[in-house]
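Asker: predicted structure and sequence below. I'll ask about it afterward.
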Amino acid sequence: MVSFRAATAADVDALVPFVNGGYRGESSKRGWTTEADILGGQRTDPGKMLEMIEGSAARVELAHDERGALVGCVYLKKEPDASCYLGMLTVDPARQAGGIGKLLMTRSEELARAWGCGRMRMTVISMRPELIAYYERRGYAKTGATEPFPEDDPRFGLPKVRGLTFAELAKPL
């Protein structure tokens, strides 16, 4: 059983290491969604996390298990064109492949529809074909749009591979 709630400023100290450990470093290698081979450093920091939590038309949604342990989170932001941006989908690496990601995706789409959004979009590092395939199995498709990874900004990580790009994926809601 998974329960959901919106993050608050009081959650920042727990969320930052949870997200960083889900994407980067040795702890992330317990799951299949690790970026540790292509990026080092942090995925987020307290300032960025607080900005996402307190942003207007935005939300960081938390998923907790039946014991109250944090098992996942996702960032959502309503965009002016009635799209919703989905980012930072994180599941505890030890709990990946157990359906929590699917539950977070379903919850995200429900929240986006409640905001009046007709489309969900996201960006995924292009070198992550297994992750792109995961989203494609859930109805997302590449739009053809790409953007460069901010390679010279350590707030987003330290690339181990140069020339990283993001691919945009979207799904009608």
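Answerer: Sure, I can see it. Numbering: from 1, shown residues only.
Asker: after the lengthiest helix in the chain comes which helix or strand?
Answerer: Counting by DSSP state H, the longest helix found in the chain is helix 100-114. On the C-terminal side of helix 100-114, the closest following helix or strand by DSSP states H and E is strand 119-125.
Asker: for that following strand, list the C-alpha coordinates in PDB.
Answerer: The C-alpha trace of strand 119-125 is given here as PDB (Å, rounded to 0.1, in the frame of the first residue of the first chain):
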ATOM      1  CA  ARG A 119      -0.700  16.800 -22.000                       C
ATOM      2  CA  MET A 120       2.200  15.500 -19.800                       C
ATOM      3  CA  ARG A 121       5.700  16.100 -21.000                       C
ATOM      4  CA  MET A 122       9.200  15.200 -19.600                       C
ATOM      5  CA  THR A 123      12.800  15.300 -20.600                       C
ATOM      6  CA  VAL A 124      15.000  12.200 -20.400                       C
ATOM      7  CA  ILE A 125      18.800  11.900 -21.000                       C
END
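Asker: which strands and helices sit next to that strand?
Answerer: strand 83-91, helix 100-114, helix 129-137, strand 165-172 (3 or more C-beta pairs under 8 Å, 6 or more residues apart in numbering; DSSP states H and E). Quick note: C-beta positions are derived from backbone N, CA and C, even for glycine.
Asker: for those, which one ends up most surrounded?
Answerer: The highest mean neighbour count among the helices and strands packed on strand 119-125, using mean count of other C-beta atoms under 10 Å, belongs to strand 83-91: a mean of 22.
Asker: who's in contact with that strand?
Answerer: Residues outside strand 83-91 that contact it (C-beta atoms under 8 Å, 6 or more residues apart in numbering) are 18-19, 22-23, 31, 33, 43-44, 52, 60, 71-79, 100-101, 104-105, 108, 111-112, 115, 117-123, 170, 173.
Asker: what about G31, neighbour count?
Answerer: Here the number of neighbours of G31 (other C-beta atoms under 10 Å) works out to 19.
Asker: okay, it: pLDDT?
Answerer: At G31, the pLDDT value in this model is 76.
Asker: which one is it nearest to, not counting chain neighbours?
Answerer: Of all residues not flanking G31 in the chain, P93 sits nearest, at 3.1 Å (C-beta to C-beta, 6 or more residues apart in numbering).
Asker: hang on, that neighbour packs against G21?
Answerer: Yes - if you go by C-beta atoms under 8 Å, P93 and G21 touch, sitting 7.3 Å apart.
Asker: common neighbours of these two, please.
Answerer: Joint contacts of P93 and G21 (C-beta under 8 Å, 6+ apart) are 27-28.
Asker: return the residue of this protein that is most distant from the centre.
Answerer: Largest separation from the mean C-alpha position in the chain: R67, at 23.0 Å (C-alpha atoms, centre = their mean).
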